[in-house]
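Student: Got a predicted model here, sequence first, then my questions.
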Amino acid sequence: MTTYISMIRGINVGGKSVKMADLRDIYLSLGLENVETYIQSGNVIFKSENKDSNVLGKEIQQKILDTVGYDVKVVIRTINELKNIIESCPFEIEEEKHVYITFLSDTPDLSIDLKLKNGMRGSEKFIISSREVYLYLPHGYGRTKLNNNFFEKKFKLDAITRNWKTVNRLYQIAESINSN
C-alpha cells in the first residue's frame, strides 16, 4: 500500500464549505484507508493500493462533485515524493513563514513562456523544480502575484499552494500513517 497526501483547492473558501469529517467519509467511500485530514483547507492523507495518483485525484474530484456538488482541484503526492520535495528545498528555512510550495498537477512546459524562469520578482524568489514551484515570499502569500492563478495561467495546469509548516506537518502525518 502506498501512503498519499492529497491537497484540495477550492473548499472552505468562497462559500464552498465541507466539514473535514464529511471529507474523510468521501475518501473512505472510495475504499481509501487510514484517512486523516489536516486543518480545514482540504489536506487529506490516506493509503491506497492504487499506484496511479492521477487516477486517484480524478476519482476524488468526481466523488466530491457527486457528494457535495463542488468542482474542486486535487493534487496528490506520495509520501516519498513529499519527502524529496522537503529535502530539496533550495531556500534557507530560518524564516519558514516566508517559504511556500506550489504543487502543480503535472510537469510544466517551460518553453511556454521564456520570461518565466527560476528567479526573482522584486524581493520574492521562485524556483521551478519538476512539478513544484518553491517560493520565497518575504511579504507573504496574500500579497504576491506568484499565486495559484498566476501559475495556472502560465502553465495551463492546476496549482495548489501550501506553506512550509503545513507541508512538513503533512509529511509527519503521512509518516505516522505509513508506519501503520
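Tutor: Thanks, I have the structure now. Residues are numbered from 1 along each chain as shown.
Student: How many residues are close by the residue lying closest to residue 149 once chain neighbours are set aside?
Tutor: Setting aside the residues directly before and after it, residue 149 is nearest to residue 159 in space (Cβ to Cβ, 6 or more residues apart in numbering), at 7.9 Å. Any C-beta I mention is one placed from the backbone N, CA and C, and that applies to glycine too. Counted with other Cβ atoms under 10 Å, the neighbours of residue 159 add up to 23.
Student: Can you tell me who residue 159 pairs with across the strands?
Tutor: residue 104 (DSSP bridges).
Student: Am I right that it is in contact with residue 102?
Tutor: Yes - taking contacts as Cβ atoms under 8 Å, residue 159 lies within contact range of residue 102: 5.2 Å.
Student: ok, back up a step: dump the residue contacts of the residue nearest to residue 149.
Tutor: 9, 75, 102-105, 133, 148-149, 151-152 (Cβ atoms under 8 Å, 6 or more residues apart in numbering).
Student: Give the PyMOL command for selecting the buried subset of these.
Tutor: In PyMOL, this line selects whichever of the contacts of residue 159 come out buried by 16 or more other Cβ atoms under 10 Å:
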select buried, resi 9+75+102+103+104+105+133+148+151+152
